[in-house]
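K.L.:
Based on what follows, work out the 3D shape:
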Amino acid sequence: MRGEGHAALADRLVLVAGPLRGPDAHVDDDAAALDTLRAPAPNAPAARVHRPALPELLDRARTGTPEEIRRGLRRLVEEHTPTPGSEPDPALRAVIAELLRHPRAGVRLHAHRVSRALFDRDAHARSTAVLLSDPLPEVVRMAVRTLGRLVWEPALPELISLLGHPKPPVRSAAREAVTGFGAAAVPALRRAAAHARPDRRSRHTDLLARLAESDAST
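P.N.:
Next comes the predicted model:
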């Protein structure tokens, strides 16, 4: 600059690491400016999340693809679980009952799990009893074991009928479940034995004898 005839201006410049500035400028001003540039921009307001109402979720669960049904059921559990002591919406019960008969086994099982989260013990047991007539033996076996753990007496006649199921694992699960009812199973077993064909009566009388032995040993 001096060579170009600007000696006076050159004398006024202050050389520092950073931008050029006059002698009256302060380093703190630059630091503040850099801090401002480096600071992240304030977050934009979050967009409103659409929260489907119960009828919309029920419609998705009833008519969607299997994956959409699972997502809809998950949302139902997260957002519409009844408070303790309150009854679920009748439309919710109807959708679960419908899905327990869905063509896809995965949907049926998911609906059953959801019934446990949404319903009280008796309502969940009624949902489970629907699966005693499921076309898949492994689903029937699961339902038998669940009702055996719940010791839900209204299921006893159906559980006893499964003592003659064509699949051995289901028969075995039914024997264990009925035995778990203890003395409460005796009247239903006697009625079943009275109406059974002679060549099939032993499946009932054997359990009656087993229960009698168990009762005598306690």
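K.L.:
Skip ahead from the one helix or strand in the chain whose mean pLDDT sits lowest and say which helix or strand is next.
P.N.:
Here the helix or strand of the chain ranked lowest by mean pLDDT, DSSP states H and E is helix 27-38, holding a mean of 57. Next along the chain after helix 27-38, taking DSSP states H and E as the criterion, comes helix 54-63.
K.L.:
Mind listing what's buried along that following helix?
P.N.:
Using 16 or more other Cβ atoms under 10 Å as the burial criterion, the residues of helix 54-63 that qualify are 57-58, 60-61. Just so you know, the C-beta spots here come from the backbone N, C-alpha and C atoms, and that holds for glycine as well.
K.L.:
Equivalent analysis for stretch 120-128, please.
P.N.:
Neighbour-count burial for stretch 120-128 [16+ other Cβ under 10 Å]: 123-128.
K.L.:
Show me this protein divided up by domain.
P.N.:
Domain assignment for the chain, taken from automatic domain parsing, gives 53-119, 136-218.
K.L.:
How about the contacts made by L136?
P.N.:
Listed by Cβ atoms under 8 Å, 6 or more residues apart in numbering, the contact partners of L136 are A105.
K.L.:
Need the phi and psi values for it.
P.N.:
Note on L136: backbone dihedrals following degrees, to the nearest 10 are phi -100, psi 120.
K.L.:
quick one: the helices in the protein?
P.N.:
Taking DSSP state H as the criterion, the chain carries its helices at 7-12, 27-38, 54-63, 66-80, 90-99, 105-118, 121-130, 137-150, 156-161, 168-180, 186-195, 202-216.
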